[in-house]
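J.: Predicted model follows, preceded by the sequence.
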Amino acid sequence: MQSQDVAPRPAPSSADPVVDVEQAEAALVEHYPRLVRLAYLVLPPALGRNRRVVTAHSLTQRALPRGRTAAPAIPAQSTGRDGDPGYAFVRRQVLRTALETGLPLKRAAWPKRSQLPPLLPQVWGLRLFPRSGGADELALDQALSTLSGPARAAYVLRGLERLADADVRAVLTAAGCADPAAALAEADGVPEQYALLDSPEFDPCSLQARPTDLMRRRQHAKAALAAAAALAVCGALLGLPGDGWAPDGAAAPAYAKNPAAEAALDPAKLTRVAPTAWEAATRTDFSVWPARGDLTGDKALLRRALAVWARRGESVQVSATPGTPSGGPSGPPQLLYAGNVDSARVVILYDGLRIVRYAEPQDGTKGAALDFARADGAGRADASALVLDRADGNVRYLTAPWVTKAAERDLLKPGAGVMDLPITGGVTAPLASAAAQNGGCTSWNVMQVTDATGTRLSTDLGELVPARLTTGRPGATHEVSGAQALRTWAPYACSLGALRSAGVRSVNAWSYAEQPLPDAWGSPRPQGGGGSADWVCTRAETWRGGGTRVLAQFHTPGSTYGAIAAKAENVPACGAKDPQVLAGVLWKAESGHWYLLAAGSRGTASISTTGGVRASARGSLLAARAEQGVRAQLKGVTDDGQPVTGLG
């Protein structure tokens, strides 16, 4: 992303109207949603949607003056803001600080307040982001991300504030832009889709919430200090002569002797599998993985890993996939790995139900982490790899002993080929982690593994066990290995970002319908003049069984990404038990007319709509003229007379 210096603030003219705090506050409260939307659109997309939302609110709330101040008399072209110097002032402040946020930090100068992460507002434990729009909104967001900050501001002032170019130059100058003319010229390179700026995609006041990265939540400073002090005392006590155990590192102290628990913590009793055991085993899963790594003989490290698992201290960072118990081991677990990885010592254990990963810095135990993931019922395909380490946006995997080859592939570019990943002692070279992406989705790297049974893909979704990717009709899914399967997945790869940290076991993408688009002349009949769109259902299955997520996505010719048309959780639709799926979307033709398009999977005999659009069609496809923003309910009937409800 380009950046431009923000010019010094111009001196106010004596003719400029004077604004006091009360007047500015009234304008800010009345027009708060619009001001926050303006800040969100101007802020650098590289911040990521969550931080853009929080920063936009923070900058807007800090826009009030400290006393009476002058505001340039720049018009606002919308009812309720005409000639309001209070609105002009707070808009200038919001715009200026949003532009400053995108400036690079300089070594010779202190950072501006707007360049620092906002202290308030904050929502702990949640990521907040606007509701997803359609393919047009996504394309506009990506186009705006290529502009510099001033050019983005120029485009937004034109489209959102409806200002003429002369007024845009005046606003940008007042906000400190050094070259408004260049910003306007750069903004001319983006198509004029100003109506889309009012869509929910760019509304930071209407939000969705998801959990933050559960792998690395920080503990409160007070608890960490208290835990460090307790560990220091316990470490000194446990290290005294006469104690048969080594120090337990980040583990909490044991206050009572428990022979059964101590047996589970004995490194000598860990289960270790022979390197060739998998070749003759009837089950091929994690239970036949051998112990690998250069520290499998380090009893002190293994002791610390087991002790932290049994009674973790307050300073230990703990994460668990949904539905995974995080209690201690019931008996001696199986050792899968112990070794040095990048700048950490890592131990991976398996107890038949869970994969447990313990990691500590190489220079001590402060900052130790413990991660849990369900792995019960894993088969050969599910047990092909585990996440060993994440660092600097990259991920390393520990592969199964039956994996003969690994490679990296960009799921967004099905024809780009693969890049080999060397495997040393079962550990892959680092590859870019899709789970570490922030901001725009320009690539989605997955790992491709090969063994004697074939080739399969898996993706990192921020958990210990990567999610397996498949394609095909429910009940007859297959691996994503051929050219057609890769092309099916390409437009929908970025939708995997919504599945992070959800305990996902596998994701299947299934192209269930192809729909001719209404022609460019606005005929409501699907005559195919606009090409054909693909309907794809993606279903994410979890390790715990519940919590499944189903998305119906709509992909038009020429677009890079599919648009989410409908979504649901914990429904049988699009799955092996109920492969039927029905979804609809509002679509705008080149002629400017809006249509309600709906499609059902094979076996749909008819579709009807109620609500804002009333229409019906025989077969599995429906196209009806509609108004922008209208809402309708879908119902279908299968060939054997069974009802089908629209997804979402």
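T.: That came through fine. Nothing here was measured: the structure is a model prediction, and the numbers come from that model.

J.: Determine the three-state secondary structure at the most centrally placed residue in the chain.
T.: The centroid of the chain falls nearest to Gly497 when counting by C-alpha atoms, centre = their mean (3.7 Å). Of the three states, Gly497 takes helix under DSSP: H, G, I helix; E, B strand; the rest coil.

J.: is it true that it touches Cys441?
T.: Yes: between Gly497 and Cys441 a contact is recorded at 6.5 Å, counting by C-beta atoms under 8 Å. Where C-beta positions appear, they are placed from N, C-alpha and C, glycine not excepted.

J.: what domains does the record give for the protein?
T.: For the chain, the structural domains run 18-212, 215-379, 512-648, going by automatic domain parsing.

J.: Can you tell me which of those is nearest to Asp410?
T.: Asp410 sits nearest to domain 512-648 of all the domains of the chain, at 12.8 Å, using C-beta to C-beta.

J.: Quick one: end-to-end length of the closest one, please.
T.: Start-to-end span of domain 512-648 (C-alpha to C-alpha, to the nearest Å) is 17 Å.

J.: Kindly report the same for stretch 366-385.
T.: 28 Å.

J.: Quick one: distance of it to the chain centre.
T.: 20 Å (C-alpha atoms, centre = their mean, to the nearest Å).

J.: Which strand residues bridge the spatially closest residue to Lys588 that is not a sequence neighbour?
T.: Distance criterion C-beta to C-beta, 6 or more residues apart in numbering; nearest residue to Lys588, sequence neighbours excluded, is Trp594 at 5.4 Å. Trp594 has these beta-bridge partners by DSSP bridges: Lys588, Ala626.

J.: Would you enumerate the residues in contact with Trp594?
T.: 586-588, 625-628, 630 (C-beta atoms under 8 Å, 6 or more residues apart in numbering).

J.: same deal with Asp198?
T.: Counted by C-beta under 8 Å, 6+ apart, Asp198 has contacts Leu160.

J.: next one: Gln642
T.: So Gln642 contacts Gln580 (C-beta under 8 Å, 6+ apart).

J.: Check the gap between it and Gly636 for me.
T.: According to C-beta to C-beta, to the nearest Å, Gln642 and Gly636 sit 9 Å apart.

J.: can you pull out the helices in the stretch 401-550 of the chain?
T.: Taking DSSP state H, counting those that start in this stretch as the test, the helices found in the stretch 401-550 of the chain are 483-489.

J.: now swap in the chain and tell me
T.: 21-30, 32-42, 49-61, 85-101, 135-145, 149-159, 165-174, 180-187, 221-238, 259-264, 277-280, 299-310, 483-489 (DSSP state H).

J.: What is the burial count for the closest residue to Ala589 other than its chain neighbours?
T.: Using C-beta to C-beta, 6+ apart and skipping residues adjacent in sequence, the residue nearest Ala589 is Pro518, 5.5 Å away. Residues contacting Pro518 under the criterion other C-beta atoms under 10 Å number 25.

J.: Extract the CA atoms of stretch 183-191 and return them as CSV.
T.: The C-alpha trace of stretch 183-191 is given here as CSV (Å, rounded to 0.1, in the frame of the first residue of the first chain):
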residue,chain,number,x,y,z
ALA,A,183,-5.1,11.9,-4.6
LEU,A,184,-8.1,12.7,-6.8
ALA,A,185,-6.2,11.5,-9.9
GLU,A,186,-5.3,8.2,-8.2
ALA,A,187,-9.0,7.7,-7.1
ASP,A,188,-10.1,8.1,-10.7
GLY,A,189,-8.6,4.6,-11.3
VAL,A,190,-11.3,2.9,-9.2
PRO,A,191,-14.8,2.5,-10.9
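
J.: Start the count at 8 instead of 1 going forward.
T.: With 8 as the first residue, the last one maps to stretch 190-198.

J.: I'd like the average pLDDT over it.
T.: Mean per-residue pLDDT for stretch 190-198: 91.

J.: for Ala500, what are its contacts?
T.: Contacts for Ala500 (C-beta under 8 Å, 6+ apart) come out as 418-419, 448, 451.

J.: Any chance of a markdown table for those, columns neighbour count, distance to Tyr568 and pLDDT?
T.: Formatted as a markdown table, the contacts of Ala500 follow (neighbours: other C-beta atoms under 10 Å; distance: C-beta to C-beta, whole Å; pLDDT from 0 to 100):
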| residue | neighbour count | distance to Tyr568 | pLDDT |
| --- | --- | --- | --- |
| Leu418 | 23 | 12 | 93 |
| Leu419 | 19 | 9 | 91 |
| Cys448 | 18 | 8 | 83 |
| Trp451 | 22 | 11 | 92 |
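
J.: residues near Thr289, how many?
T.: There are 5 residues near Thr289, going by other C-beta under 10 Å.

J.: roughly how far apart are it and Ala442?
T.: Going from Thr289 to Ala442 by C-beta to C-beta gives 34 Å.

J.: Also Ala497?
T.: Ala497 sits at a distance of 19 Å from Ala442 (criterion: C-beta to C-beta).

J.: before we move on, back to that, was I right about the residue nearest to Ala596 contacting Tyr602?
T.: Yes: here Pro525 reaches Tyr602: they are 5.5 Å apart, a contact under C-beta under 8 Å.

J.: Just confirm Ser608 contacts Leu589, I think it does.
T.: Yes: using C-beta under 8 Å, Ser608 is in contact with Leu589, at 7.4 Å.

J.: These two: who's more crowded?
T.: Neighbour count, other C-beta under 10 Å: between Ser608 and Leu589, Leu589 has more, with 29 against 25.

J.: For Val394, see how far away that one is.
T.: Relative to Val394, and taking C-beta to C-beta, Leu589 is found at 36 Å.

J.: Please report how far the residue nearest to Ala596 lies from Lys595.
T.: Pro525 sits 10 Å away from Lys595, going by C-beta to C-beta.
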